[in-house]
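Enquirer: sequence and predicted structure, then a few things I'm wondering about:
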Amino acid sequence: MRSCFKFRRKNLNLYFGIFLFLSSFSICWGHHTQLSPKAQENMRDFISSLSAKYNFDRSYLERIFAKVRPQRKALNLIRPSKTDKSQTITWDHYRKLFVNKDNIDKGKRFISTYMLSLEKAHKKYGVPPEVIAAIIGIETKYGKNQGKFPVFDTLATLAFERSDRENFFREELEAFILLCLEQGLSINKIKGSYAGALGIPQFMPSSWRTFAVDFDQSGKTNLLTSPKDAIGSVANYLKKHGWDKNIPTHSVAKPEPGSNAKQFFTYELQAEYRYNDLQKGGFKDPLNKIPAYLDVSLVDLKLRNNKIIYWLATENFFAITKYNRSYKYAAAVLELSEALKGKSAP
């Protein structure tokens with residue numbers, strides 16, 4: 001990875017010149033950005049930093065940023081109000097959004113079409129085909145819905161306006177610019193999610209540059225139109241974030257009366273407790289999927305009837321939460337993956 005980055009950096013100026021030449025036809029003229037005055041000040045500081053860091057021509061950078069279109073909808077979505085009902089959606093409702101007949105049928109067709117690549121990824125990274133397919137299905141309906149937000153404008157808005165995560169999005173904006181240079185992508189034509197994620201697996205730009213793999217051996221990583229590259233990249237991402245082919249993902253926990261669930265929760269998205277200790281604390285695995293020596297944490301999935309389902313979550317479960325920091329997301333991925341194997345009904 002280090003030697004690859006050195007190669008990239010040596011060639012960034014060449015890429016930058018080509019990129020600006022190709023981009024100039026569509027962004028050379030027009031009104032200036034409608035970002036707020038403070039955001040424009042932040043943008044100028046960013047341009048100065050980027051120019052100094054990579055020896056880019058400042059005037060060229062200013063031309064690229066001159067027509068940034070503020071994405072107010074993305075800004076509102078990234079910082080939802082405290083009364084936003086989506087933040088309190090229950091597990092049974094959330095599950096139906098993703099574990100349904102349409103996703104299962106399309107997922108099985110996706111697996112059938114790309115079984116060779118999925119098996120190759122399973123062999124290399126240890127991630128089962130159904131888990132890879134489930135993530136791609138939940139993220140983009142197996143590549144069909146990659147988002148409608150212009151990625152450059154979206155990342156610039158979130159980086160320079162008050163998104164509450166400005167530093168994160170400035171890093172992603174920088175990564176996106178470098179990604180476009182390296183991949184020969186048109187910076188103002190790529191669309192993605194309201195958070196700036198893009199491609200079939202909805203990688204953030206920095207994740208693309210770090211974890212994407214050329215699984216179809218085309219000579220570059222193409223997450224926009226290559227399902228094979230997406231398959232390999234998702235598997236590589238999970239592997240790099242702790243996926244272990246030798247352990248289960250989870251099991252349902254059956255609590256005994258009077259047991260205290262909170263003592264086995266995690267706030268670090270990791271398996272922190274020996275399962276044997278959870279057994280002693282009143283949380284047992286009726287399916288006997290979890291070995292006594294394995295580390296797990298307790299995950300609570302709340303239902304509309306105010307009941308709670310508890311899962312014993314292993315490091316594989318938490319590897320999925322590194323993709324999307326949500327227990328419900330990881331649970332939906334695993335429920336959909338089970339359905340794709342034909343082991344459960346939608």
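Expert: Perfect, I can see it now. Numbering: from 1, shown residues only.
Enquirer: can you tell me the helix or strand for Met244?
Expert: Not quite, residue 244 is Asp, not Met. Under DSSP states H and E, no helix or strand contains Asp244.
Enquirer: contacts only, for it.
Expert: Residues in contact with Asp244, defined by CB atoms under 8 Å, 6 or more residues apart in numbering, are Gly126, Glu315, Asn316. All C-beta atoms are positioned from the backbone trio N, CA, C, and that covers glycine.
Enquirer: low pLDDT regions in this structure?
Expert: Applying pLDDT under 70 to the chain flags the ranges 1-32, 81-87, 343-346.
Enquirer: cutoff 90 now
Expert: 1-34, 57, 60, 64, 67, 79-88, 267, 342-346 (pLDDT under 90).
Enquirer: quick one, strands of it?
Expert: 149-150, 191-192, 250-255, 273-274, 283-284, 295-302, 308-313 (DSSP state E).
Enquirer: could these go into CSV alongside distance to Tyr237 and mean neighbour count?
Expert: What follows is these, written out as CSV (distance: least, CB to CB, whole Å; neighbours: other CB atoms under 10 Å):
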stretch, distance to Tyr237, mean neighbour count
strand 149-150, 22, 22
strand 191-192, 17, 20
strand 250-255, 19, 19
strand 273-274, 26, 16
strand 283-284, 30, 22
strand 295-302, 21, 21
strand 308-313, 18, 21
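Enquirer: re the thing from before, give me the PyMOL select line for the contacts of Asp244, limited to the buried ones.
Expert: Selection of the buried residues among the contacts of Asp244 in PyMOL, burial being defined by 16 or more other CB atoms under 10 Å:
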select buried, resi 315+316
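Enquirer: and which of the contacts of Asp244 is nearest Pro286?
Expert: Using CB to CB, Asn316 is the member of the contacts of Asp244 that sits closest to Pro286, with 19.7 Å.
Enquirer: quick check, that closest one in contact with Thr249.
Expert: Yes: contact criterion CB atoms under 8 Å: Asn316 and Thr249 qualify, at 4.4 Å.
Enquirer: so how far is stretch 215-227 off the chain centroid?
Expert: How far stretch 215-227 lies from its chain's middle: 18 Å, per CA atoms, centre = their mean, to the nearest Å.
Enquirer: tell me the buried residues in that stretch?
Expert: By neighbour count on 16+ other CB under 10 Å, the buried set for stretch 215-227 is Phe215, Asp216, Thr221, Asn222, Leu223, Leu224, Ser226, Pro227.
Enquirer: tell me how many other residues crowd Val127.
Expert: 24 (other CB atoms under 10 Å).
Enquirer: contacting residues for it?
Expert: Val127 is in contact with Ala121, Val234, Ala235, Leu238, Lys239, Trp243, Lys245, counting by CB under 8 Å, 6+ apart.
Enquirer: sort out which of the residues you listed are in helices and list them.
Expert: Using DSSP state H, the subset of the contacts of Val127 located in helices is Ala121, Val234, Ala235, Leu238, Lys239.
Enquirer: circling back: identify the farthest-apart pair in the buried residues of stretch 215-227.
Expert: Most distant of these, by CB to CB, are Phe215 and Leu224, 13.9 Å apart.
Enquirer: quick one: terminal-to-terminal distance for stretch 279-297?
Expert: Stretch 279-297 has its terminal residues 12 Å apart, counting by CA to CA, to the nearest Å.
Enquirer: kindly report the same for stretch 221-231.
Expert: Across stretch 221-231, the terminal residues are separated by 11 Å (CA to CA).
Enquirer: in a markdown table, list the contacts of Val127 along with distance to Leu50 and neighbour count.
Expert: Converted to a markdown table, the contacts of Val127 look like this (distance: CB to CB, whole Å; neighbours: other CB atoms under 10 Å):
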| residue | distance to Leu50 | neighbour count |
| --- | --- | --- |
| Ala121 | 35 | 27 |
| Val234 | 30 | 30 |
| Ala235 | 32 | 29 |
| Leu238 | 31 | 24 |
| Lys239 | 32 | 18 |
| Trp243 | 34 | 23 |
| Lys245 | 40 | 12 |
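Enquirer: contact partners for Arg209?
Expert: Per CB under 8 Å, 6+ apart, neighbours of Arg209: Ala175, Leu178, Leu179, Glu182.
Enquirer: that older thread, can I get the buried residues of stretch 215-227 in CSV including distance to Ala261?
Expert: Converted to CSV, the buried residues of stretch 215-227 look like this (distance: CB to CB, whole Å):
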residue, distance to Ala261
Phe215, 41
Asp216, 45
Thr221, 42
Asn222, 44
Leu223, 39
Leu224, 43
Ser226, 43
Pro227, 40
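Enquirer: from those residues, which land in helices?
Expert: Using DSSP H, the subset of the buried residues of stretch 215-227 located in helices is Pro227.
Enquirer: which one of the buried residues of stretch 215-227 is nearest to Thr154?
Expert: Ranked by distance to Thr154 (CB to CB), the buried residues of stretch 215-227 are led by Leu224 at 15.9 Å.
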